[in-house]
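Chemist: With the input below, show me the fold.
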Amino acid sequence: MNLYEDHADWIASLGEGVTVGEAERRIGLSKATLRKYMERHNGRLSPQHVLKISDEYGANGAVALVETGYLPAESLFIQETPEEVKLRVLAEVMDDIRK
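Modeler: Got it, this is the predicted structure:
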């Protein structure tokens, strides 16, 4: 498992020829939405974007959150359903926003 600081590299790791633009199209965002977001956030996607993209490409959401730096690798050993992981991560993100 890799840790991707530049999330465009993580997107590219999802398959041959996968680009940020292709991911935007597949998750239903208008052109350049993700690129603009990433430019404003030092090359990083939001956890919500990571989860949407991982779902669209059939990747494990928890692993995707680890690879993009939103969860520690130890989180993969917790016995939670993917939906429980998503809810927990979103709750953690909301807590961080409120701080």
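Chemist: what's next to the longest helix along the chain, contact-wise?
Modeler: Selection of the longest helix in the chain by residue count, based on DSSP state H, yields helix 82-98. Here helix 82-98 makes contact (C-beta atoms under 8 Å, 6 or more residues apart in numbering) with 46-48, 51, 60-62, 65, 70-71, 75, 78, 80. No exception for glycine: its C-beta is placed from N, CA and C like everyone else's.
Chemist: what number of residues lie near Ala62?
Modeler: By other C-beta atoms under 10 Å, the residues close to Ala62 number 23.
Chemist: If you could redo that for Arg40, that was the one I meant.
Modeler: Around Arg40 there are 9 residues (other C-beta under 10 Å).
Chemist: before we move on, back to that, list the buried residues for the longest helix of the chain?
Modeler: Val85, Lys86, Val89 (16 or more other C-beta atoms under 10 Å).
Chemist: Give me the lowest-pLDDT entry from those.
Modeler: Lowest pLDDT of the buried residues of helix 82-98: Val85, 80.
Chemist: quick revisit: out of the contacts of helix 82-98, who's nearest Ala8?
Modeler: The nearest member of the contacts of helix 82-98 to Ala8, counting by C-beta to C-beta, is Ser46 at 14.1 Å.
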